[in-house]
Structures are given as structure tokens and as C-alpha cells.
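**Q** Need coordinates for the following:
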Amino acid sequence: ITPERQWFMARCGPLAAETPREQAFCPVVVETEAPLTVADARLDARFADSPFVTGAPNIRYYAGVPLRVRRLESEAVTIGTICVLDEQPRGPQTSDLEVLEQLACIAEALIDARTIALRATEAAEEHRLTVERLERERRQFKQAERMAHIGSYRYDIEKQSTSWSDGAFAVHERPVSGGVPNRDIMNHLPEPDRTAFIAAVMRTLDTGEPFEMDADFVTAKGNPRRVRCSCEIELIKGKPVALIGLIQDITERHELEQRLRHRACTDEL
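**A** Down below sits the predicted model:
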């Protein structure tokens, strides 16, 4: 029902698909949100002059009940009616309203089920789009790691275990399938950089201040490298739960800087 028109979404008999709302029967049910029976419309002041009574379909008897739907976290709202019409006057029958109310319950259940199905479909589509976006971002992240020779890590303070990104495995020259060598991680840093790195981590745990440092590094394949490490604390509800950071292979940059320094300090002759 709209302010000017009413539509019959399902009908049986010689009824138009839509009619004007003025002087119609169903709007009374919607507005009062209560069942309505009219034994003889010609004798009812509300409908005696209605074109539906004085002309086709020549309604005499009407019985209708409200059709309601429940919105999220709110009361039910009347959206229409289920009704029966007759060309002949009829005495009010309690059974008529009972049958209509049962049909209304079925219709309401079907509408609710369809609404739930639509919401589930929308949620599934949102989930699919989210998964696609995360997968796209994951691929972009892996590409960025490869291009920058960088990887990320996370050390769980409570579990005392470390997780690496694919880029971190690449920097360490270890296969992803082999997992993180939690007990041997520090072996990749020779002294004195190993001691300096551990001291920096302890300061971060004590003060909460992040750090960044360059260090010598030996990969799992025994190749010497120069890396840049960063570390900061991850907080959940103000409580430290992990250390997170980056490790980047800066060997080429470091060697270039060393050559430039050597040239700068060496006489041209």
C-alpha cells in the first residue's frame, strides 16, 4: 500500500492488480492494525459510497487481517493485509478471521524466511568480497616484500614463539615449509650484533620504545649479509602481547656505502 494506490500481490477472482486507496477496505486494516469484517458494505457508512461497492466488483462482504513483518530489533510493522471479498452479504463468521489469521502467519513466516535468506546472501557476498580484498592485499604485500627484500615477524610474548612472513623466510634463506627455527633464530646474528640486538629488545620490553638497527647477518645457507632490523611492541587493551618488526636485506646498499666511504677517504693518486 502507498499513499494513493494499493496493490494485490496475489489474488484470486475478478480483481485488478491495483486500485486507488481512497474508500478501499484494506487501508482501514493497515491503519488500525486490527482485523476487520463488513457484513454488508452498503449498510456501512465508511464504505457505502465506495466505487468498489457501488460499481465493480460490487463488494458486499469483506474480511481482512493485518500482515506484519518484524524489523531488526524493533516491533512488528503492518505492511499489508490478507482478505476475502464476496458479492453477497454474509453474517460475520469467527472462522473466517481464524483462517485468515492462520494464512497471515504462514505469509509472515515466508516473508521472514525470505528476509533472512536475503540477509544471508548479502552477508555471504560481503564475506566473498572481503576474502577477495584480503587475498589481493596479501599478494600485493608479498610482491612488495620481494621487491624490497624485506620480511616481517611477530614474537608472541606469552607463547614465546615467532611467526614469519614469506619475506622473512627469504631473507633467512630458509624454506617456508620448514617453519620458524625458534631456538636458532639468534644464531643468524654474529657477535657483537647479537648481544646488541638482544639488549635493544629488552629495552623495548622495559620502556615500550621501538628501535631500529643495522647488523651483520648470516643466512641459513652460510651467506653473509647486512640487514636492518626494527622492532616495536604490540598492545591489546594496553597490555603488551607481542613484539612485531621488520628485517630487510640491505647488503647491496651497505656495500655501496662502504665503497663510497672508501673512495672518499682514499687519495686519487
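**Q** how far is the helix ranked longest in the chain from where the chain is centred?
**A** Of all segments of type helix in the chain, defined using DSSP state H, the longest is helix 94-148. The chain centroid and the centroid of helix 94-148 are separated by 10 Å under Cα atoms, centre = their mean, to the nearest Å.
**Q** quick one: average pLDDT of that helix?
**A** Averaging the model's pLDDT scores along helix 94-148 yields 91.
**Q** what packs against it?
**A** Here helix 94-148 is seen to pack against strand 61-70, strand 76-86, strand 150-156, helix 166-172 when contacts are counted using 3 or more Cβ pairs under 8 Å, 6 or more residues apart in numbering; DSSP states H and E. Glycine gets a C-beta too; all of them are placed from N, C-alpha and C.
**Q** rerun that using 6 Å as the cut-off
**A** Taking 3 or more Cβ pairs under 6 Å, 6 or more residues apart in numbering; DSSP states H and E as contact, the helices and strands that helix 94-148 lies on are strand 61-70, strand 76-86.
**Q** How many residues are close by the closest residue to Q88 other than its chain neighbours?
**A** Closest residue in space to Q88, ignoring its immediate chain neighbours: R60 at 5.6 Å, by Cβ to Cβ, 6 or more residues apart in numbering. By the measure other Cβ atoms under 10 Å, the count of residues near R60 is 19.
**Q** Which residues are in contact with R60?
**A** Each residue near R60 by Cβ atoms under 6 Å, 6 or more residues apart in numbering is listed here: D40, A41, D86, E87, Q88, P89.
**Q** cutoff 10 Å now
**A** Going by Cβ atoms under 10 Å, 6 or more residues apart in numbering, R60 touches 38-43, 47, 53, 85-90.
**Q** Which of those scores worst on pLDDT?
**A** Of all of the contacts of R60, R90 carries the lowest confidence score, 88.
**Q** Quick check, it in contact with A39.
**A** Yes. Taking contacts as Cβ atoms under 10 Å, R90 lies within contact range of A39: 6.2 Å.
**Q** and for the two, which residues touch both?
**A** Common contacts of R90 and A39 (Cβ under 10 Å, 6+ apart): R60, Y61, Y62, A63.
**Q** Against N187, how distant is the second one?
**A** Going from Y61 to N187 by Cβ to Cβ, to the nearest Å gives 93 Å.
**Q** Comparing these two, which shows the higher neighbour count?
**A** Residue environment comparison for Y61 versus N187 gives the larger neighbour count to Y61, 20 against 11, counting by other Cβ under 10 Å.
**Q** got a list of what the more buried one touches?
**A** With contact taken as Cβ under 10 Å, 6+ apart, Y61 is in contact with 37-41, 84-93, 96.
**Q** Which entries within those meet the buried criterion?
**A** Applying a neighbour-count criterion of 16 or more other Cβ atoms under 10 Å, the buried members of the contacts of Y61 are T37, V38, D40, A41, V84, L85, R90, D96.
**Q** between those residues, which is nearest H254?
**A** Distances from those to H254 were compared by Cβ to Cβ; the smallest belongs to V84, at 88.4 Å.
**Q** residues touching the closest one, list them.
**A** Remark: with contacts taken as Cβ under 10 Å, 6+ apart, V84 is in contact with 12-13, 37, 61-64, 90, 96-97, 99-100, 103.
**Q** Return the member of these nearest to D166.
**A** Closest approach to D166 among these (Cβ to Cβ): L103, at 60.4 Å.
**Q** Tally up the residues packed near the closest one, please.
**A** Residues lying near L103 (other Cβ under 10 Å) number 14.
**Q** What sits closest to it if chain neighbours are left out?
**A** Leaving out its chain neighbours, L103 is closest to I82 (Cβ to Cβ, 6+ apart), at 5.3 Å.
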